[in-house]
Every structure is written in C-alpha cells, then in structure tokens.
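A.B. asks: Build me a model:
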Amino acid sequence: MSNNKTFYIISITLLVAILAIGGYILWEKGLFNVLVEETKKPMTEEEIEEYVKAAYYFSLEMALGAHEIVYRLELSNKEMEKLSPQVGRLKELRYLNLSNNNLSEIPKEIGYLTKLRELFLTSNNLSTLPEEISNLKNLEFLYLGDNNFTEEEIEKIKEMLPKTEILSDFTILPGEESGLEEEETEEIEEIEDDEETEE
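C.D. replies: Below is the predicted model of the structure:
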C-alpha cells in the first residue's frame, strides 16, 4: 500500500510540475493574452449570418416575431389542422417541415416563400396543393408521401414545379423501374442462363 501511495504522490507532483512549466512558457510567449483576446473577439457579420441560418424555430409565433431572419421552421408533430396564412410573411425561409400533422389544405400564401428549398408535407390529409406552389422556383425537394394525393394530382404538381425533386407514394425508387419482384427477376435470369447453355 505504501508503494502505491508513493507512486500516486509522485505522479500528481509531476503532473502539477508539467502544468506549471507549460503555463509559464505560454505566459512568457504571450500566448495567454492571445487566447484571451480570441475569446473576447466579436463575431463577424459572416459568422452571425451563418449562425442565424443554422438556427431552427419551433413555433410559428416565435418565427413571425423575427420573420426577417428566420431560415428554418420546424412544425412537425404539432397536431395542426390548419396552417396560418401568416406563414407567407417568412420571406427568408429556406426549410419548412409540416410533417405528421392533420392538415387538409395549405394556404395560398405558401407561394410567397420564394426562397424555400425544402418543404416537408409528409403524413397529413392533403389531396391537393394551391396553384401558388408554382411560385417556389428555388424549391429543391418536396416531400408528399403518406397523404391522399392521386397520381394525377402528383403529375399536376410536377408540371408546376419541373425543377423540384418530388417524393410521393408514387415515386419509383432505383431498382423498381421494371415493376418486377426480386423472385421474378431471378427466374428470368435463370431462363436466360439456360438458353445460353443450350446454345
């Protein structure tokens, strides 16, 4: 036990000595002052802008209070049955998530969100979207799965948003284009192999 206690004391002493020497070196070279000044340095306009763009808002009321700087609005799982037309005031919005609610319609004011890039409408009771959705020229992704859209309505939306990637219940994923099940594909491959063998 005495040996272990001695080893412990020596280890602590060495650690304190190393920290003290390191601190002295930093002080001598003026690095402490540099570190302190760095922590006091105010954020640049670019850093503030990046911080603002990355911030999420989780209520429409809060977002409307800062509508000129709101880039991301997260309103999923709110049990909403109606979306306020006031959402159209969020002109800087890039990301809007309305998934997993009880929405049966989207207000035409959605068309004012011309800078929007991602719109999530998954898992609602929607069967149509307002024609003003065609104003969203910068929209990159539109998620419509688990709603009441018909295939005809999805095609209509695609015509209104030709540059947008639209994911719906009718979206064909890679590997599903042929409409064949995996077993059917294997059977076809076996038949082709047999024909090649016979030749």
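
A.B. asks: Break this protein down into its domains, please.
C.D. replies: Per automatic domain parsing, the structural domains of the chain span 2-40, 45-167.

A.B. asks: I'd like the average pLDDT over the longest one.
C.D. replies: It refers to domain 45-167. The average pLDDT for domain 45-167 rounds to 93.

A.B. asks: what separates T164 from M62, distance-wise?
C.D. replies: Distance, T164 to M62, by CB to CB, to the nearest Å: 28 Å. The C-beta positions use only the backbone N, C-alpha and C, and glycine is treated the same way.

A.B. asks: And for S76?
C.D. replies: 16 Å.

A.B. asks: Neighbour count: those two, which is higher?
C.D. replies: In terms of neighbours (other CB atoms under 10 Å), S76 is the more surrounded of S76 and M62; the figures are 15 against 11.

A.B. asks: contacting residues for the more buried one?
C.D. replies: The contact partners of S76, taken as CB atoms under 8 Å, 6 or more residues apart in numbering, are 97-101, 120.

A.B. asks: switch the cut-off to 6 Å
C.D. replies: 97, 99-100 (CB atoms under 6 Å, 6 or more residues apart in numbering).

A.B. asks: Among these, name the ones in strands.
C.D. replies: Among the contacts of S76, the residues falling in strands (DSSP state E) are N97.

A.B. asks: Redo the contacts of S76 as CSV? Include neighbour count and distance to I110.
C.D. replies: Conversion of the contacts of S76 to CSV gives the following (neighbours: other CB atoms under 10 Å; distance: CB to CB, whole Å):
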residue, neighbour count, distance to I110
N97, 20, 13
S99, 19, 15
N100, 17, 18
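
A.B. asks: Make CSV out of the contacts of S76 and add distance to A55.
C.D. replies: Output for the contacts of S76, formatted as CSV (distance: CB to CB, whole Å):
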residue, distance to A55
N97, 14
S99, 20
N100, 22
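
A.B. asks: most tightly surrounded among the domains of the chain?
C.D. replies: domain 45-167 (a mean of 16; mean count of other CB atoms under 10 Å).

A.B. asks: ok, Y95 to I133 distance?
C.D. replies: Distance from Y95 to I133, by CB to CB: 16 Å.

A.B. asks: err, S59, not the other one
C.D. replies: 24 Å.

A.B. asks: likewise L139?
C.D. replies: L139 sits at a distance of 8 Å from I133 (criterion: CB to CB).

A.B. asks: would you say E153 is within a strand?
C.D. replies: No - assigned with DSSP: H, G, I helix; E, B strand; the rest coil, E153 falls outside any strand and is helix.

A.B. asks: Mind checking what secondary structure the residue lying closest to E109 once chain neighbours are set aside has?
C.D. replies: Excluding its sequence neighbours, the residue lying closest to E109 (CB to CB, 6 or more residues apart in numbering) is G88, at 3.0 Å. Secondary structure, three-state DSSP: G88 is helix.

A.B. asks: All set, thanks.
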